[in-house]
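**Q** Fold the following for me, if possible:
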Amino acid sequence: MSQSDDENQIPDAPGDGGKPAKLRIDEAIKYLFTSEKQSLIRLINSALGQSYDPETTEFVALSTEFIFQNPVSEDPEADSFELERIIADLIFSLDGVKYHIEFQTNADKSIVIRIIGYGVAHARSSLESKGANDEIVFELPVPVLIQIDEDESLSDKIPAKIRVSGREDDYAFEITVIRLWKYDIEDLIDRGFYLLLPFMLMRRRKGKDTDENVKLMLADLQKINTAITGLYEKKLISSKLRVDMHLISDYIANAINAKYLGKNQEIDEELKKMETARVLFGHEIEARGEAKAEAEITQVIRLFVQKKTPNQISEEIKIPEAKVNDILQKSGLLL
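**A** Numbers count the residues shown, from 1 in each chain. Predicted structure coming up:
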C-alpha cells in the first residue's frame, strides 16, 4: 500500500501523552488481521479454497519490511551506499505455507509489479545459506489482493508470468483478488470475510457531504456493528477481536466523517453511542477474564492437593499442561 496517501490515515487514535496519533489503514489492517488467527484462516480458506483447521493450524506472522543496499557511486572503491526500504501489508505462514495479503484503496495498475516485488524481497530475505554450487530456490508467498475502491478492470484473478529472457518456459504467478466493492455486509459474513467488515466504511469516503451519503454511512455503521456483535454471540469471533473490530470501525468512521461529511452531528452521535458500548463491553470482558483466571488457579491448586498430576489436571479442566505447571510454580507448589 502506498506510504504517501494521506487519505489512508485514520486520525484521532490515542497517542503518547494524550495527543492524537495517526493510524494508517495498512497499520490498522496488520493489527486487526493478526488479532485472531481463526478469522484470518477462515478468510484464506474462503478466498483460496483451502481447508485449514482454524483451531489447530499453526500461524506465524512474518516480517513485512525489507531493506536493500544500493551503491550510490559507480566507483567500486567508493564507500557510498544508500538504503532502500519496502514494506508489504501482511505476510504470514499457515502450517509452513506462506501467504501475502496486500490492500489497495485507489486503483493502481502497478500493483502486480509491486506484489511480485514484495514476494521476491521476502524470498531473498529468507534464503538459507548454502554452498556456492547448491541450487537456490526463491519461494514466493501465495498472493491475495484486497481491492477497496471500485475498479471493473480487475477480475477475481490476475494472471502473470515470470520468464527468463531467451527461454520458452514460464513461471505462472496468479494473484487472487477480493473485490471488496462487490460485496455487501451479509456477503462478507457468508464468505467468512469477517475481518473486512470495518473496511466497508472506506467506500463512503468517495461520497460528498449530502443527506443521501450521510444516510448510507449511518446505515453501514449500524449494520457493521450489529454484524460484529452477532459474530461474537455466535462464537465466530473472540471477545478481543470484537472489541478490536469495533475500535477500527469507529476510527475509520470518525476520519471519514471529519474529512468528507462535514463532521455530521447524526454520525457523531451514533459513534458516541457505539464507543460507550464498546468501552463498557471491554471492561466487562476484562473483569470476566480476571475472574476466570482466579477460578483456574483455584481449580489447579485444589486438584494438585488431591494428588493429581499436572497432566491429569490439564485434561480435567481443559487447559494446557504448561499453564498448569506455570500456576503451580508461581504458587510455590512445584519446583
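**Q** Could you point out which residue ranges in this protein have low pLDDT?
**A** By pLDDT under 70, the weakly predicted segments of the chain are 1-23, 69-81, 128-133, 207-209, 280, 282-294, 331-335.
**Q** Show me the domain layout of it.
**A** Domains of the chain are assigned by automatic domain parsing as 6-192, 293-330.
**Q** Tell me which stretches of the stretch 201-335 of the chain form strands.
**A** For the stretch 201-335 of the chain, none of the segments meets the definition of strands by DSSP state E, counting those that start in this stretch.
**Q** re the thing from before, using JSON lines, lay out the domains of the chain together with distance to residue 252.
**A** (Glycine included, C-beta is placed from N, CA and C.) Written out in JSON lines, the entries for those read as follows (distance: least, CB to CB, whole Å):
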{"stretch": "domain 6-192", "distance to residue 252": "6"}
{"stretch": "domain 293-330", "distance to residue 252": "33"}
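**Q** Could I get the contacting residues of residue 95?
**A** For residue 95, the contacting residues are 52, 57, 58, by CB atoms under 8 Å, 6 or more residues apart in numbering.
**Q** same question, residue 299
**A** Residues in contact with residue 299 (CB under 8 Å, 6+ apart) are 313, 317.
**Q** So it versus residue 312, what's the distance?
**A** Separation of residue 299 from residue 312 (CB to CB, to the nearest Å) stands at 12 Å.
**Q** Same check on residue 222?
**A** Shown here: residue 222 relative to residue 312, a distance of 49 Å by CB to CB.
**Q** What ranges does the stretch 151-300 of the chain have for its helices?
**A** With DSSP state H, counting those that start in this stretch as the criterion, the stretch 151-300 of the chain has helices at 185-191, 211-233, 239-260, 265-305.
**Q** Distance to residue 124 added to those, as a markdown table?
**A** Output for the helices of the stretch 151-300 of the chain, formatted as a markdown table (distance: least, CB to CB, whole Å):
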| stretch | distance to residue 124 |
| --- | --- |
| helix 185-191 | 34 |
| helix 211-233 | 39 |
| helix 239-260 | 32 |
| helix 265-305 | 41 |
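**Q** Deepest in the core, which of these is it.
**A** Mean neighbour count, computed with mean count of other CB atoms under 10 Å, is highest for helix 239-260 among the helices of the stretch 151-300 of the chain, reaching a mean of 21.
**Q** any idea how far it is from the chain center?
**A** Distance, stretch centre to chain centre, for helix 239-260: 14 Å (CA atoms, centre = their mean, to the nearest Å).
**Q** Leaving out sequence neighbours, find the closest residue to residue 275.
**A** Sequence neighbours aside, residue 250 is the residue nearest to residue 275 in space, at 5.8 Å (criterion: CB to CB, 6 or more residues apart in numbering).
**Q** show me the residues around that neighbour that make contact.
**A** 271, 274, 275, 278.
**Q** How about residue 192?
**A** The neighbourhood of residue 192, defined by CB under 8 Å, 6+ apart, consists of 39, 42, 43, 45, 46.
**Q** For residue 32, see how far away the fourth one is.
**A** Plainly put, residue 45 is 18 Å away from residue 32 if you go by CB to CB.
**Q** The two: which is more packed in?
**A** A count of neighbours by other CB atoms under 10 Å puts residue 32 above the other of residue 45 and residue 32, at 23 against 18.
**Q** Pretty sure that one sits against residue 198.
**A** Yes: because the distance of 7.1 Å satisfies CB atoms under 8 Å, residue 32 is recorded as touching residue 198.
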